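> Quick one: sequence plus predicted model below, questions after.
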Amino acid sequence: MNVNRIISTVLLFVISLLASCSGVKTSTVEDEDKNERRFEINTPTAIPEDAWLYVAMGDSFTGLASWPEKYAAHLEQELGVKILFKDRSRGSQKIIEMLERIRMDDGLRKDIRQAKLITVSYGSDSFRTPVQSYRDGTCGGTDGQDCLREAFSQAELDWGAFLDELIALRSPEEAPIVTFMIGVGLVQTTCEWGSDCWDVGTAYFIDWCDFIEQSATERGIYVVDVNRYFNGEDYRQPTNKDLFLSDGFHLNSDGSAIIVDLLKGLNLDEKPPLSP
């Protein structure tokens, strides 16, 4: 037998044995987490002449849920055109990171300029650490709320700047833009419902959602109020756990179905610029 072939065979056996002993696994595309792959930065999208581009941005409210694809399918049926869905969300993304991306990511900017429809949710991780700090008594200030005030004040500046960048790239007259009043449920993943932590955190999120609505309306952006379906009309009811995965924060199929129904209620397929 050829000596080189023997050596090669032995080496392959040793490498395989070492990998199995150390627990190392050769990964394939199928082995990767599909949800994580959705958050990769991609090159600009080539749009077929007979298709419309729908760009979705935000965090895992978009990226780990099925509602964007389902809504795209609804629009295809109603408008009679092919909708090319592009997921530009990123998990655990903060608002300041969204602002940096829309300013610096040329591929994202090109997709926005081509879009016929845009949905965008804010990066809710901007508030997770401040709420935890308040819960743990490390927020600062005489009332223990300094970090909350700082986080929400900065978020207002960053979100306003993000929306301005967005409509400069693609105005609502060129493509409908939809954003969401969400986030009250985040408090209940950190604070026990009915506690002081829950009460204070919820009050900040109610004010934040008022800002979301105002900042969107001023810019001609559609707003969908998700909180009242998940936490009641006053935003202060226990989160409906039947609409979420076991982590209590990410939407399951029933939760996604509600988002689709809310989007359908906007009747965008019957209004300009989607409908002549």
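Perfect, thanks for sending it.
> Quick check: pLDDT value at the most centrally placed residue in the chain.
The centroid of the chain falls nearest to residue 59 when counting by CA atoms, centre = their mean (2.4 Å). pLDDT recorded at residue 59 is 94.
> Likewise for the one 4 residues further on?
We have a pLDDT of 91 for residue 63.
> For it, which non-adjacent residue is closest in space?
Spatial nearest neighbour of residue 63, excluding adjacent residues (CB to CB, 6 or more residues apart in numbering): residue 89 at 3.7 Å. C-betas here are computed from N, CA, C, even on glycine.
> Could you double-check that the one you found sits in contact with residue 55?
No: in this structure, residue 89 is not within contact of residue 55 by CB atoms under 8 Å, at 9.8 Å.
> The one helix or strand residue 152 maps to packs against which elements?
For residue 152, the host element (DSSP states H and E) is helix 146-169. Judged by 3 or more CB pairs under 8 Å, 6 or more residues apart in numbering; DSSP states H and E, helix 146-169 is in contact with helix 95-104, helix 106-114, helix 128-136, helix 196-218.
> buried ones in that helix?
Within helix 146-169, the residues that qualify as buried are 147-148, 151-152, 155-156, 158-163, 165-167, 169, counting by 16 or more other CB atoms under 10 Å.
> What is the nearest of the residues you listed to residue 206?
Distances from residue 206 to the buried residues of helix 146-169, taken as CB to CB, are shortest for residue 152 (11.1 Å).
> can you redo the helices and strands packed on helix 146-169 as TSV with distance to residue 69 and mean neighbour count?
Formatted as TSV, those follow (distance: least, CB to CB, whole Å; neighbours: other CB atoms under 10 Å):
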stretch	distance to residue 69	mean neighbour count
helix 95-104	21	18
helix 106-114	17	18
helix 128-136	26	19
helix 196-218	23	18
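> how far away is residue 151 from residue 264?
Counting by CB to CB, to the nearest Å, the gap from residue 151 to residue 264 is 34 Å.
> sorry, that was for residue 230
18 Å.
> quick one, which of these two is more surrounded?
Counted by other CB atoms under 10 Å, residue 230 and residue 264 do not tie: residue 230 has more neighbours, with 22 against 14.
> what's the pLDDT at the more buried one?
Confidence score, pLDDT, at residue 230: 92.
> Against which helices or strands is the helix or strand containing it packed?
Using DSSP H and E, residue 230 sits in helix 227-231. Judged by 3+ CB pairs under 8 Å, 6+ apart, helix 227-231 is in contact with helix 184-190, helix 253-264.
> Select from those helices the stretch with the lowest mean pLDDT.
When I compare those, helix 184-190 is least confident, with a mean of 88.
> I'd like to know which elements that helix is packed against.
Where contact means 3+ CB pairs under 8 Å, 6+ apart, helix 184-190 is packed against helix 128-136, helix 196-218, helix 227-231.
> Can you point out the buried residues in the last one?
For helix 227-231, the buried set under the neighbour-count rule, 16+ other CB under 10 Å, comprises 227, 229-231.
> for the helices and strands packed on helix 227-231, which one sits closest to residue 176?
Residue 176 lies closest to helix 253-264 among the helices and strands packed on helix 227-231, at 10.1 Å (CB to CB).
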